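**Student:** Quick one, what's the 3D model for this:
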Amino acid sequence: MRLEANALQALCRQVFAVRLVMIPLGAPLALGRTAPGAPTYLVAASVALTFLLSYALFRDWERFGPLLLRHRWLLAADMAVGALLLVTATPSSPLGLVALGTPLLSGLVYGWRGSAVFAAAQTVVVAALGGGLVLSFLCVLSGAAGSSVRDFLFRLSETRARLTAAEAVREERERLAREMHDSVSKTLHGLALAADALARTSDPALVRRQAEEVASAARRAARESRALLTDLRAEPVPLLPALHALDARVRVSGAVPALPPSVARHVVAVAAEAVENARRHAGASETLLTVSATGTHLTVSVEDDGRGLPARFPSAGHFGVRGMRERAAAIGAALSLGPRPAGRPGTRVRLSLPLEGIR
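**Tutor:** Below you'll find the model as predicted:
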């Protein structure tokens, strides 16, 4: 609702801006048609009063605008000031167009119910003062225009809110899919393998050891599930301990900074996925994880001596590479997958993260 209120205030302020332009343009013609003496002074005083009040509202709108939206009866005072100008200058003068401001404001502030009341009242005032059919019709039309703009604004805001909610749901589903693939899914896969081995084992000592492995994997899956659901880590995460825990030889160059939790989680997940792919799919005998930090970038690369990348990735079900690309995009990093440099066999996955703006 705050967005709608700000937009309504901005539109109402523009109504007063238009009035400020109309009054100086119409005042010379209105004064030129007025009889000399007291009538001229009355018209000039009404013009000055209307202009000064409109200018005060326009200049200090940040203070008066919220009052207008909270106390909508103030539009009656605006109509009274406009009526004074109509009485002195007559609706047939160019200043009669100032009367359109109040119905327009009522449509913006009240909606169609309020605009109907104020537009009808303004039409009666204009007709009683001899304003003619055209100006009376314009009063009704301005109230309807203000109400239509208000309705359009609210519909636009509701549509934007629905699109934002749908986008948030889609992003959350993708995040959960990545997290499930990179943590719980792999742990449960290991748990299933350990359970299968346990079912085929008859040696009591081996059964005990494999049962302990199953219990450990189950506890790890429970921890990963809780971390996935709660996601309450709020302090900067030391990156190196998490990377050293991976099944790879680690080489560090430069002073590696502590990253925000969300960024560090993505970096570790990309590295873990690359190491896991090297172990499970590439048949690598050695995996090297290199971390280098400069003043502007953090680079994490995973190289293996395996069979290399396939000619094309499967179109469905290949969540690992897709998840790495999505994680890199989420933190503004550049990800490259390709063969190792210098013609050596194997694969290199390289993540380059700009450090500016994330510390």
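**Student:** Give the bridge partners for the residue nearest to Ala255 when sequence neighbours are not counted, please.
**Tutor:** Among residues not flanking Ala255 along the chain, Ala293 sits closest, at 5.8 Å (Cβ to Cβ, 6 or more residues apart in numbering). Placement of C-beta: from N, CA and C, glycine included. Ala293 has these beta-bridge partners by DSSP bridges: Leu298.
**Student:** My guess is Ala293 contacts Val267. True?
**Tutor:** No. In this structure Ala293 lies outside contact range of Val267 using Cβ atoms under 8 Å: 11.6 Å.
**Student:** residues contacting the residue nearest to Ala255?
**Tutor:** With contacts defined as Cβ atoms under 8 Å, 6 or more residues apart in numbering, Ala293 is in contact with Ser253, Gly254, Ala255, Val256, Pro257, Thr299, Leu355.
**Student:** nearest to Ala76, of those residues?
**Tutor:** Ranked by distance to Ala76 (Cβ to Cβ), the contacts of Ala293 are led by Leu355 at 59.2 Å.
**Student:** In contact with that closest one, which residues are there?
**Tutor:** Pro257, Ala293, Gly295, Thr296, His297, Leu298.
**Student:** So how do I select the buried members of those residues in ChimeraX?
**Tutor:** Selecting the buried subset of the contacts of Leu355 in ChimeraX, with 16 or more other Cβ atoms under 10 Å as the burial test, is done by:
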select :293,298
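**Student:** which one among the contacts of Leu355 gets closest to Ala48?
**Tutor:** Closest to Ala48 out of the contacts of Leu355 is Thr296 (61.1 Å), distances taken as Cβ to Cβ.
**Student:** okay, that closest one: pLDDT?
**Tutor:** Thr296 carries a pLDDT value of 88.
**Student:** Pull the contacting residues for it.
**Tutor:** Contacts of Thr296 (Cβ under 8 Å, 6+ apart): Pro354, Leu355, Glu356.
**Student:** can you list those residues in TSV and add secondary structure?
**Tutor:** Converted to TSV, the contacts of Thr296 look like this (DSSP: H, G, I helix; E, B strand; the rest coil):
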residue	secondary structure
Pro354	strand
Leu355	coil
Glu356	coil
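**Student:** one step back: among the contacts of Leu355, which one sits closest to Leu198?
**Tutor:** When the contacts of Leu355 are compared for distance to Leu198 (Cβ to Cβ), Leu298 wins out at 41.7 Å.
**Student:** From Thr102, how far out is that closest one?
**Tutor:** With the distance defined as Cβ to Cβ, to the nearest Å, Leu298 ends up 61 Å from Thr102.
**Student:** What of Val214?
**Tutor:** Using Cβ to Cβ, Val214 is found at 77 Å from Thr102.
**Student:** Also Leu133?
**Tutor:** Using Cβ to Cβ, one gets 19 Å for the distance from Leu133 to Thr102.
**Student:** So those two - more neighbours on which side?
**Tutor:** Using other Cβ atoms under 10 Å as the criterion, Leu133 and Thr102 rank with Thr102 on top: 30 against 9.
**Student:** ok, the more buried one - contacts?
**Tutor:** Thr102 makes contacts with Leu75, Asp78, Met79, Gly82, Phe118, Gln122, as judged by Cβ under 8 Å, 6+ apart.
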